[in-house]
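Undergrad: Pasting the sequence and the predicted coordinates here, then a few questions.
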Amino acid sequence: MRAAHPDSSAWVEANAGSGKTHVLTQRVLRLLLADVAPEAILCLTYTKAAAAEMRNRVSARLSDWAIASDEWLDERLKELGQVPTPTLRARARTLFARALETPGGLKIVTIHAFCESVLHRFPLEAGVPFGFSVVEDVERAAMIAEAREAVLAGGLRGETNAAAPSPPSP
């Protein structure tokens with residue numbers, strides 16, 4: 001509950017399967033209930049799967065809150081350490097719509113995706129080409145296979161430096 005409290009600053013480090021996603025999901029929900037704007041929340045995870053899981057959990061909880069009975073919603077709010085009131089209940093019911101209306105949705109992304117977005121926003125300062133793109137794993141594998149085939153083919157043709165590109169024709 002301490003790590004999920006919106007007034008505390010917390011670093012959550014634990015082994016796989018220990019409940020980090022649960023704690024972080026609770027923290028996001030408590031921040032939203034505390035009337036923090038959805039666009040002011042940034043959640044960073046290491047893997048795409050973890051980011052997707054956390055987005056799914058937060059979205060599922062918020063959508064449940066939007067249509068739940070008062071009694072059921074009060075129990076969920078108590079589980080988060082909240083004291084249910086008509087005002088808090090009303091806020092909880094609107095959070096799903098607020099999250100949907102947030103430009104770009106809730107920011108629950110991988111560290112890599114966040115860093116890439118910063119580089120895209122500040123390419124001059126970062127010294128990267130404007131409009132650069134990050135090579136995805138599938139593209140990387142294809143590029144490696146293509147390079148390997150070029151080297152092997154050059155070797156079969158007896159070229160001594162098959163990996164070097166050919167100079168342009170005059």
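TA: Perfect, I can see it now.

Undergrad: now what about stretch 66-75, what contacts it?
TA: 65, 76, 84, 89, 92-97 (C-beta atoms under 8 Å, 6 or more residues apart in numbering). Quick note: C-beta positions are derived from backbone N, CA and C, even for glycine.

Undergrad: so the residue nearest the centre of the chain, which of the three states?
TA: In the chain, the C-alpha nearest the mean C-alpha coordinate belongs to residue 109, at 1.1 Å (C-alpha atoms, centre = their mean). Following DSSP: H, G, I helix; E, B strand; the rest coil, we place residue 109 in the strand state.

Undergrad: show me what contacts it?
TA: 42-45, 51, 117.

Undergrad: same thing but 10 Å
TA: 42-45, 48, 51, 54-55, 115-117 (C-beta atoms under 10 Å, 6 or more residues apart in numbering).

Undergrad: One more: residue 133?
TA: Counted by C-beta under 10 Å, 6+ apart, residue 133 has contacts 116, 120, 139.

Undergrad: Also residue 124?
TA: residue 130 are the contacts of residue 124 under C-beta under 10 Å, 6+ apart.

Undergrad: Residue 113 is in contact with residue 50, isn't it?
TA: No - assessed by C-beta atoms under 10 Å, residue 113 is found out of contact with residue 50, at 11.8 Å.

Undergrad: count of neighbours near residue 130?
TA: 7 (other C-beta atoms under 10 Å).

Undergrad: Read off the pLDDT value for it.
TA: We note a pLDDT of 89 for residue 130 in this prediction.

Undergrad: Was I right to think it contacts residue 120?
TA: Yes - if you go by C-beta under 10 Å, residue 130 and residue 120 touch, sitting 8.8 Å apart.

Undergrad: Report the buried members of the contacts of residue 109.
TA: The neighbour-count criterion (16 or more other C-beta atoms under 10 Å) marks 43-45, 51, 54-55, 116 among the contacts of residue 109 as buried.
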